[in-house]
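K.L.:
structure for this input, please:
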Amino acid sequence: MKRLFFILRTRGAGWDREKAPEEQSGWDAHADFMNGLAREGFIVLGGPLEGTPNVLLLAMAQSEEEIRERLAADIWAANDLLRVDRVAPWNLKLGIWQKN
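P.N.:
The predicted structure follows:
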């Protein structure tokens, strides 16, 4: 059964600190990949955490292994721009949430 997970990704050695995210190598392929995961409902919400080297994602998945496998296909993972730092199931207790 799918459940909600939070994923924390952090910048890797391939990240160019002098460039904005949209200027990083492989931006278009990364954006297309992530938008595809969102379209299929795998990624529910996501974006950078301002003032940090981190990105927060919420995903609907069967397991942590599924998440790690899916995100490993991102060109930014292959080129060490973003790494998965932490994955954990998230039991949402407050707010509005609709499961598909």
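
K.L.:
wait, what's in contact with the residue most central in space within the chain?
P.N.:
In the chain, the C-alpha nearest the mean C-alpha coordinate belongs to Leu57, at 4.5 Å (C-alpha atoms, centre = their mean). Taking C-beta atoms under 8 Å, 6 or more residues apart in numbering as the criterion, Leu57 is in contact with Phe6, Ile7, Leu8, Arg9, Ile43, Leu45, Gly46. In this view, the C-beta of every residue, glycine as well, is placed from N, C-alpha and C.

K.L.:
rerun at 10 Å
P.N.:
Shown in contact with Leu57 (C-beta atoms under 10 Å, 6 or more residues apart in numbering): 5-9, 34, 37-38, 42-47, 67, 71, 84, 87.

K.L.:
from those, list the buried ones, please.
P.N.:
The neighbour-count criterion (16 or more other C-beta atoms under 10 Å) marks 5-9, 34, 37, 42-44, 67, 71, 84, 87 among the contacts of Leu57 as buried.

K.L.:
among those residues, which lie within strands?
P.N.:
Those of the buried ones among the contacts of Leu57 mapping onto strands are Phe5, Phe6, Ile7, Leu8, Arg9, Ile43, Val44, Val84, Val87, per DSSP state E.

K.L.:
now for those residues, which pair is the farthest apart?
P.N.:
Greatest spacing in those, by C-beta to C-beta: Val44 and Val84 (16.5 Å).

K.L.:
quick one: Asp80 and Leu4, what's the gap?
P.N.:
For Asp80, the distance to Leu4 equals 27 Å [C-beta to C-beta, to the nearest Å].

K.L.:
more neighbours: which of these two?
P.N.:
Counted by other C-beta atoms under 10 Å, Asp80 and Leu4 do not tie: Leu4 has more neighbours, with 15 against 12.

K.L.:
report pLDDT for the more buried one.
P.N.:
On pLDDT, Leu4 comes in at 95.
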